[in-house]
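A.B. asks: Sequence below, structure please.
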Amino acid sequence: MAGRPRGSGEKKGIPLCPRHLGSHVRRYGTYGQPGARRQLYQCLPDNASKHTFAGVLPRRMLGIDTECDACETHLASFEGPPTPRHFHFSVREAAQALYDVAQGNSYTSAAQAAWRHAGQRANGRRQSQLVANWVETLTPIATEHLKETSWPETIVCDSMSYQLKNKGGRRGRRKQVFAVLAVWGYPANSPRGRLWALTASHSATKADWVKLFDTLPGTPDLVVCDGAKSISGAVKAKWPLVNPPAHWPEPAAPFIYRCEHHLSQNAFKALKRLKLESDAPLMVALRDAFKSPAQWAHFRSLAAAHVGIAEWCRTNDKLIKCQSAWRANLPPHRANGAVEAALQVVKAATDYRSLVLGNKYRTNQMLELVMASINGQADVDVFARALRTGLRNGAVTQPQLTCVDKGTRTRKVNGVLAEATNLPSLRR
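C.D. replies: Predicted structure coming up:
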């Protein structure tokens, strides 16, 4: 034979042989268990022995010719959905489960939906572990095209802690179980940003933020935060030249900018005892106090007669003078409301299951899906396409990691304790 005879490569649904490109390929029976049989192909190369193969994503047999409900196209029995090797479920069924998790559904409900769609094809227990494994192994492939490549012009940082009652401590005392660190990003000249990074960590310390900042190259021009020392300290450690004195000719990057909303809220607390009307001069001056040094000086002059707010002004005077001096020359982002709103969505999607989240790697893959949903990028068709492309191109599924409550696991050699291996756990 000289290459592939006419029709062999043009027949719908017949793939190329990965070992002998251009050889003649034909359908050659099926394999697999009843209800989950796959199409098998035979390759007849010119200068090698014939052999059979199924392909990276063999098609599941439909049993009878049918119509595709999505595209209203007639399908032959061998044109079933692409299904990864050793999977009972198709790529699209896995993509649908990932989408369900991205929308905040539990692993259990997503697994139940997958089993219902599969009917009697699949075997095994109907447990949440099915989708948990998909989240762990398939999410890196499904979301690879969504990965950010560098830090944008402005980043807005905040974190959220998950706490439990400490049964062994004082009454009512709570302890932090883990935290979620979030970064909202604004590219240059873009009024609308998106959730740039989202990660789970045991804590939200300076070291945790530095680790997050190390995940991408580049230096933002502006970092907006709520005054958390862990964030500002991490910014100074990662990008040492920050916030120059007000007399410098230009600001260094990145400029750490305290969220104006939080500054206003703290000032309102200091003013609360005065019981002023909303149209009082001091209250009116507060609305524009952070926009320029002159407006800040005007507010301070009005506040000087009131002890509580005067003390607050003295404490924050250096910070606000510097911010207001550079405000007009910095990117136009002044508050962290966008990242706070995103964290509320994350909380709604994860809070009900926070008691069982322990596997750090799997939790972060789940957060990748939630982040895609927040950014309007979660889509069943897009996930399915990315999975098919990635698996056909040789993408390797990540190994499943043990979900434990402690950070170490012992290993024995011939019954003797040999070492303790660190596990990526959220718990301590």
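A.B. asks: Strands of the stretch 51-200 of the chain, residue ranges please.
C.D. replies: 51-53, 66-67, 74-75, 154-165, 174-186, 194-201 (DSSP state E, counting those that start in this stretch).
A.B. asks: now these in TSV, with distance to G104 and mean pLDDT?
C.D. replies: Quick note: C-beta positions are derived from backbone N, CA and C, even for glycine. Output for those, formatted as TSV (distance: least, C-beta to C-beta, whole Å; pLDDT from 0 to 100):
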stretch	distance to G104	mean pLDDT
strand 51-53	40	87
strand 66-67	33	60
strand 74-75	33	56
strand 154-165	15	88
strand 174-186	14	89
strand 194-201	14	96
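A.B. asks: between those, which gets nearest to N336?
C.D. replies: When the strands of the stretch 51-200 of the chain are compared by C-beta to C-beta, strand 154-165 sits nearest N336, at 4.7 Å.
A.B. asks: domains of the chain?
C.D. replies: 1-80, 91-145, 146-258+335-377+391-428, 260-331 (automatic domain parsing).
A.B. asks: Can you tell me which of these is packed in deepest?
C.D. replies: domain 91-145 (a mean of 19; mean count of other C-beta atoms under 10 Å).
A.B. asks: quick one: terminal-to-terminal distance for it?
C.D. replies: End-to-end distance of domain 91-145 (C-alpha to C-alpha, to the nearest Å): 17 Å.
A.B. asks: just how off-centre is that domain within its chain?
C.D. replies: 17 Å (C-alpha atoms, centre = their mean, to the nearest Å).
A.B. asks: any idea of the mean pLDDT in it?
C.D. replies: Here domain 91-145 scores 82 as its mean pLDDT.
A.B. asks: Below-threshold pLDDT in the stretch 201-350 of the chain: ranges please.
C.D. replies: 241-252 (pLDDT under 70).
A.B. asks: picking up where we left off before, nearest to R385 among the domains of the chain would be which one?
C.D. replies: domain 91-145 (8.4 Å).
A.B. asks: Helices along the stretch 301-428 of the chain, start to end?
C.D. replies: Per DSSP state H, counting those that start in this stretch, the stretch 301-428 of the chain carries helices over the ranges 307-326, 337-350, 360-374, 380-392.
A.B. asks: Let me have the ones you listed in a markdown table, adding distance to N189 as columns.
C.D. replies: Formatted as a markdown table, the helices of the stretch 301-428 of the chain follow (distance: least, C-beta to C-beta, whole Å):
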| stretch | distance to N189 |
| --- | --- |
| helix 307-326 | 19 |
| helix 337-350 | 17 |
| helix 360-374 | 22 |
| helix 380-392 | 26 |
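A.B. asks: Good, wrapping up.
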